[in-house]
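> sequence? don't have it. structure:
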């Protein structure tokens, strides 16, 4: 992409909805300039080969060392990295802005695989609080349980927990999909703004409290609805989407999604509907 | 922030002193100011073990006022005198630090009267009384406190501990956890969180004759549970009542001679990771605490909001 000519860059940028004008004056805003090659370069990304695999035993390493080592391995072209003995350490696998198969043979502590954009992550264990916080894209699969704030503020991608999750799952969610095979705690979908949460089991109290937008589907019992959360009718589109999503997520075989409860925001943001689609995106 | 940890071996004893040290040391980043242990040790069960302090640790980081060490000896003599007047017999005494002691005593009367008499001596605080409870707390991280009091060899069935980051009260032993469940033998509590109706509850409990030694909000939990049990509630009943009686955010552990319990507030605002098997229950603020004693792959989970659990040895 860095080899594109300026005109092509401009066209590309416009098609992506980016600003192309360059302002003068004392503005502190920095607008996108297609003439700067670095704007087409995503720092921290590498060409990796999924067939190039390596294992990394992190028992004696701290999180900084582990994350630097993952970056080094990606820069060497490794596309499949297996992490051995994570032992519940915090902040492992964060900031991976790359396609990558990242496999953890064990459990993670807090803030695991946060701020990622693109990798496929599998955790053959449990994760602590705030797993995949601020995730942009990719797929994360947790084989066991997850702690609270699972998928806090995620923007995109699929985040799947096959076990149960703690409180405030999907807090401040801004996009993407969270799927939970078991139960979820209190305040699921708290302040969520977009995206979807699917809970196959029961949820605790105050479901969808203060949610602005987005959709929550619950398969089991609901402790209570939070402020502004209301039940909405299930449509064929919902059912089709859920069936497809659960199949892709390899979770909930033969689960009757038509009997799920659909929960949405009962109140709209002020002037939210008057916004253009691109402006809506900017607003959140 | 603070970190808490607890474990209970079911049906056998283990080196709980070393295990709890490992768990608490793994949580050092959550609370470097002081560390406390409540270990349920293999004592003969004949006599009471009383741990008490006659002054504060005024070392590095302490917020306590420096005192002439000679006052410690005079306070200790007054404690001995009061014990004699109470009819208690000192079977064995150990001076652990210049400001703290461990006594083994024979005593068979009311523990509340006993405690009031002992603590009538200025600056003297009973850290714990029990037939298996050994409650130790001091400034420093888990390893430091463990070494200072030789805890790594303590054999027992269960224990709870706390790594404290001082927020609303001083860096001193009296504000450190665990708190003894005065006036009940062998009851201890550790807490992570903040209680917002501390003063209302404290005033009400003091009017009922309960005693507070610090201004640390966490002490309220121990006193709250003790008062419920004094009125006939079981430990689990008292803990369930605490979910509505205590306001704020909390995860706390409570231990008695033969049980270990946990409670989590209805907002589930404070972390807790739990491992449970037929032989062992281990729990802590973070998974790394559990991993420090169970490095193999295990299944752990977060208890839900408003959950109370109690396990027996």
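Sure, I can see it. The model shown is predicted, which means the values in this text are computed figures rather than measured ones. Numbering: from 1, shown residues only, chains lettered A, B, ... in the order given.
> where do the strands of the stretch 51-200 of chain A begin and end?
Assigned by DSSP state E, counting those that start in this stretch, the stretch 51-200 of chain A shows strands spanning A:78-84, A:101-105, A:117-123, A:137-142, A:158-161, A:174-180, A:194-199.
> can you give me the angle the first one makes with strand A:117-123?
In this case it means strand A:78-84. 40 degrees (axes from the mean of the first three to the mean of the last three Cα atoms, to 10 degrees).
> follow-up on the earlier one: pick the most buried one from the strands of the stretch 51-200 of chain A.
Burial of those is given as mean neighbour count (mean count of other Cβ atoms under 10 Å in any protein chain shown); strand A:158-161 ranks first at a mean of 26. For glycine as for every other residue, the C-beta is placed from the backbone atoms N, C-alpha and C.
> check which helix or strand covers the closest residue to chain A within the stretch 101-250 of chain B.
Residue of the stretch 101-250 of chain B nearest chain A, by Cβ to the nearest Cβ: residue B:249 (11.2 Å). Using DSSP states H and E, residue B:249 sits within strand B:248-256.
> which elements pack onto that strand?
If you count contacts as 3 or more Cβ pairs under 8 Å, 6 or more residues apart in numbering or on different chains; DSSP states H and E, strand B:248-256 packs onto strand B:3-9, strand B:156-164, strand B:188-195, helix B:219-230, helix B:235-245, strand B:259-264.
> now mean pLDDT too, for the ones you listed, in CSV please.
CSV is the format used below for those (pLDDT from 0 to 100):
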stretch, mean pLDDT
strand B:3-9, 97
strand B:156-164, 96
strand B:188-195, 93
helix B:219-230, 91
helix B:235-245, 95
strand B:259-264, 96
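> now residue B:83: closest residue in space, sequence neighbours ignored.
Spatial nearest neighbour of residue B:83, excluding adjacent residues (Cβ to Cβ, 6 or more residues apart in numbering or on different chains): residue B:90 at 6.3 Å.
> that neighbour reaches residue B:79, doesn't it?
No - using Cβ atoms under 8 Å, residue B:90 is not in contact with residue B:79; the gap is 9.8 Å.
> what about the two, which has more around it?
residue B:79 (22 against 16; other Cβ atoms under 10 Å in any protein chain shown).
> I'd say the more buried one and residue B:118 touch.
Yes - Residue B:79 is within contact range of residue B:118, at 5.9 Å (criterion: Cβ under 8 Å).
> neighbours around residue 98, how many?
Reading this off chain A. Residue A:98, neighbours per other Cβ under 10 Å, totals 22.
> to clarify, I was referring to chain B.
By other Cβ under 10 Å, 12 other residues sit near residue B:98.
> for the one residue sitting closest to the centre of chain B, what are its contacts?
Chain B has residue B:178 as the residue nearest its centroid, 2.3 Å off, counting by Cα atoms, centre = their mean. Applying Cβ atoms under 8 Å, 6 or more residues apart in numbering or on different chains, we find residue B:178 in contact with B:36, B:37, B:38, B:135, B:137, B:160, B:161, B:162, B:188, B:189, B:190, B:222.
> who's the second one bridged to?
When assigned by DSSP bridges, residue B:37 has beta-bridge partners residue B:136, residue B:161.
> quick one, phi psi at residue A:203?
Note on residue A:203: backbone dihedrals following degrees, to the nearest 10 are phi -130, psi 160.
> and it, how close does it get to residue B:79?
For residue A:203, the distance to residue B:79 (Cβ to Cβ, to the nearest Å) stands at 55 Å.
> neighbours around the closest residue to residue B:8 other than its chain neighbours, how many?
Take residue B:8 and drop its neighbours on the chain: the residue closest to it by Cβ to Cβ, 6+ apart is residue B:158, 3.7 Å away. By other Cβ under 10 Å, 30 other residues sit near residue B:158.
> test my guess that residue B:158 contacts residue B:9.
Yes - counting by Cβ under 8 Å, residue B:158 does reach residue B:9; the two are 6.6 Å apart.
> now for those two: what residues contact both?
Residues touching both residue B:158 and residue B:9 by Cβ under 8 Å, 6+ apart: B:16, B:313.
> name the residues of the longest helix seen in chain B that are buried.
For chain B, the longest helix by residue count, based on DSSP state H, is helix B:70-86. Buried residues in helix B:70-86, counted by 16 or more other Cβ atoms under 10 Å in any protein chain shown: B:72, B:75, B:76, B:78, B:79, B:82, B:83, B:86.
> do I have it right that the first one meets residue B:56?
No - with contact defined as Cβ under 8 Å, residue B:72 and residue B:56 do not form a contacting pair (10.1 Å).
> what residues are shared contacts of those two?
With Cβ under 8 Å, 6+ apart, residue B:72 and residue B:56 have common neighbours residue B:99.
> tell me how far the closest residue to residue A:241 other than its chain neighbours lies from chain B.
In this structure, residue A:241 finds its nearest non-sequential neighbour in residue A:196, 8.0 Å apart by Cβ to Cβ, 6+ apart. From residue A:196 over to chain B the distance is 22 Å, taken as Cβ to the nearest Cβ, to the nearest Å.
> what about the closest residue to residue A:86 other than its chain neighbours, how many residues nearby?
Excluding its sequence neighbours, the residue lying closest to residue A:86 (Cβ to Cβ, 6+ apart) is residue A:106, at 4.5 Å. Residue A:106: 23 surrounding residues under other Cβ under 10 Å.
> give the contact list for residue A:106.
Shown in contact with residue A:106 (Cβ under 8 Å, 6+ apart): A:83, A:84, A:85, A:86, A:87, A:88, A:124, A:125, B:297.
> that older thread, next, show the common contact partners of residue B:79 and residue B:118.
Common neighbours of residue B:79 and residue B:118 (Cβ under 8 Å, 6+ apart) are B:52, B:124.
> for chain A, which residues are neighbours of chain B?
Applying Cβ under 8 Å from any Cβ of the partner chain, we find that chain A lies next to chain B at A:85, A:87-90, A:105-110, A:124-126, A:128-129, A:144-148, A:163-168, A:183, A:185-187, A:204-205.
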